[in-house]
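[1] Pasting a predicted model and its sequence here:
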Amino acid sequence: MTRHRTLRPAALALGTALAALTLAVPAEAHGPAADPLPAVTPRAETPALYDDEAGGNADADDPAIWRNANDPDRSLVIATAKEAGLRVYDLDARQVQAIEPPSTADPDDAPGRFNNVDLVTGLRLSSGRADIAVTSDRGNDRLRIYRIDRDRPGGPLTDITDPAAAPIFSGGQDEINDQQTAYGLATWTDRTTGRSYALVSRRERTSIALLEITATAGGKAGYRKVRTLDLPSSFRLPNGAAWSPCAEPGELPQVEGMVVDPANGMLYAGQEDVGIWRLRADLTAAPQLVDKVREYGVPGVYDEETEECTAGTDPGFGGSRISADVEGLTLLTESDGDGYVLSSSQGDNTFALYDRELGDDNEYEGGFRVTSASQTLDGSEECDGAAVLNAPLGTRYPRGLLVVQDGHNTSADGGDDRESTGFKFVDLGELMDRIDD
């Protein structure tokens, strides 16, 4: 969700080389405003989640779509609910399993909090190959790993996390309690080596860590850190001024939404108040800024009393396609191998599509909205996470499925006025028809 911001001093974690980097985006990103975007409506929605004691502190965030190759009609959507853990839904958006995050021995320690989730297909475990769901546990600064077995009694997901799994960014429990911990997540299997990885960003920092997912004894899975990379936190504008996004004191512009294109091993990472970066998924080369948010370069002053930023005059250095925060990135692959990098533009409740072809420099290809289908089936606003799968999913979604988080859900029963969140299921075939129009 949108965070409070303050102006930060100039600093580049990548060093002086990146400090002098001139950040470029496609020329069309600064052109005139686009025509009104096409709209699609959801076909189904999950039960409302409520982020309060009565609702179990459940807050919808990020989905992933698992295709059941043996019976596509019995495919699943696996989604995070923050302090309420994971939720698993069938293709009718009905809940089939709820998994609580791990508890803490000390009540003063930060509770488990699942932020993002992604999948790995056919991971080799000591007990054989399996599909797994990997989630970032922000509360404990770790990954949690679940084996997927659609027909397992008691629920399709089983926790197989190695008990020895260590914190990703923190040196101990005191640092974990500060919650500058594991945040965004994307998985990646290197087609050359067959090894599988998770890329994990750090809350309130610009760091991204590359973790190799490893098989351990007893059918468990763990991970080891390969390397980390820090994106910039300050930028040199065309007028020579240094700029940092406005944030609360001590915060740097974090990354959450991420996705890897398996065809070329490129990671796309959404730095929420900056834009979309493209970089090698093995984190061995300098990143490139594909597109900027509209607010890029706008000065801001943080007000301690209101916990809000007061924006200054826009110098006109931002993009025109996406508005902060940049969130749920996902990859839409077409049957011919082409397709799009899809990003939610949280600030204006839209979704943007970029060509995934590197030769086209990830050119912007258009966008869309997810709007209300009825009074009780609303659209998507302030979308945190998205997932798309262009593959037949049985009779319900024969042309594939798009799942998006809704940060301002309208409760289907109409009688509960608490703020709620959820996930909307969109027929991908309908979306592709609208894009083609």
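    Right, received. Where do you want to start? Residues are numbered from 1 along each chain as shown.
[2] can you give me the strands for the stretch 301-437 of the chain?
    308-311, 326-333, 339-345, 350-355, 364-370, 386-389, 401-409, 420-427 (DSSP state E, counting those that start in this stretch).
[3] Which helix runs longest in the protein?
    helix 428-436 (DSSP state H).
[4] related to what we said a few turns ago, I'd like to know which of the strands of the stretch 301-437 of the chain is closest to Ile148.
    strand 386-389 (14.4 Å; Cβ to Cβ). From N, CA and C alone the C-beta is placed, and that goes for glycine too.
[5] Tell me which strands the closest one pairs with, and in which orientation.
    Applying DSSP bridges, strand 386-389 is found paired with strand 401-409 (antiparallel).
[6] then the strand it pairs with to PDB, C-alphas only?
    What follows is strand 401-409 as a C-alpha-only set of coordinates in PDB (Å, rounded to 0.1, in the frame of the first residue of the first chain):
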ATOM      1  CA  LEU A 401      -6.300 -16.200 -15.800                       C
ATOM      2  CA  LEU A 402      -5.300 -12.800 -14.300                       C
ATOM      3  CA  VAL A 403      -5.500 -12.400 -10.500                       C
ATOM      4  CA  VAL A 404      -5.100  -9.000  -9.000                       C
ATOM      5  CA  GLN A 405      -5.200  -7.700  -5.400                       C
ATOM      6  CA  ASP A 406      -7.900  -5.200  -4.500                       C
ATOM      7  CA  GLY A 407      -6.800  -2.800  -1.800                       C
ATOM      8  CA  HIS A 408     -10.300  -1.300  -1.400                       C
ATOM      9  CA  ASN A 409     -12.600  -4.300  -1.500                       C
END
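[7] And that strand, what's buried?
    Leu401, Leu402, Val403, Val404, Gln405, Asp406, Gly407, Asn409 (16 or more other Cβ atoms under 10 Å).
[8] Using JSON lines, lay out those together with distance to Gly275 and pLDDT.
    Listed next are the buried residues of strand 401-409 as JSON lines, based on distance: Cβ to Cβ, whole Å; pLDDT from 0 to 100:
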{"residue": "Leu401", "distance to Gly275": "27", "pLDDT": "98"}
{"residue": "Leu402", "distance to Gly275": "22", "pLDDT": "98"}
{"residue": "Val403", "distance to Gly275": "24", "pLDDT": "98"}
{"residue": "Val404", "distance to Gly275": "20", "pLDDT": "98"}
{"residue": "Gln405", "distance to Gly275": "20", "pLDDT": "98"}
{"residue": "Asp406", "distance to Gly275": "24", "pLDDT": "97"}
{"residue": "Gly407", "distance to Gly275": "20", "pLDDT": "96"}
{"residue": "Asn409", "distance to Gly275": "27", "pLDDT": "93"}
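[9] Show me the two of these that sit farthest apart.
    Longest span within those, Cβ to Cβ: Leu401 and Gly407, 19.9 Å.
[10] contacting residues for Asp71?
    Arg150, Gly394 (Cβ atoms under 8 Å, 6 or more residues apart in numbering).
[11] sorry, back to before: out of the buried residues of strand 401-409, which comes closest to Ala217?
    Of all the buried residues of strand 401-409, Val403 has the smallest distance to Ala217: 34.7 Å, by Cβ to Cβ.
[12] Residues in a beta bridge with the nearest residue to that closest one once chain neighbours are set aside, which ones?
    Of all residues not flanking Val403 in the chain, Pro63 sits nearest, at 4.3 Å (Cβ to Cβ, 6 or more residues apart in numbering). The partner list for Pro63 in beta bridges (DSSP bridges) reads Ala79.
[13] what about Pro63, how many neighbours?
    30 (other Cβ atoms under 10 Å).
[14] again, but for the one 10 residues further on
    Applying other Cβ under 10 Å, we find 13 residues neighbouring Asp73.
[15] which one is it nearest to, not counting chain neighbours?
    Distance criterion Cβ to Cβ, 6+ apart; nearest residue to Asp73, sequence neighbours excluded, is Gly394 at 3.1 Å.
[16] got it, and Ala130?
    Nearest non-adjacent residue to Ala130 (Cβ to Cβ, 6+ apart): Arg147, at 4.9 Å.
[17] Okay, now the sheet partners of the strand or helix carrying that neighbour, with direction.
    Using DSSP states H and E, Arg147 sits within strand 142-148. Here strand 142-148 is paired, per DSSP bridges, with strand 128-137 (antiparallel), strand 157-159 (antiparallel).
[18] So which of the ones you listed is the most surrounded?
    strand 128-137 (a mean of 22; mean count of other Cβ atoms under 10 Å).
[19] Please list the outside residues in contact with that strand.
    64, 66, 78, 80, 86, 101-102, 112-123, 143-149, 157, 160, 182-185, 187, 198, 200, 213, 221.
[20] just how off-centre is that strand within its chain?
    How far strand 128-137 lies from its chain's middle: 17 Å, per Cα atoms, centre = their mean, to the nearest Å.
[21] What about Thr330, how many residues nearby?
    Thr330, neighbours per other Cβ under 10 Å, totals 28.
[22] swap that for Arg202, sorry
    Using other Cβ under 10 Å: Arg202 sits among 25 other residues.
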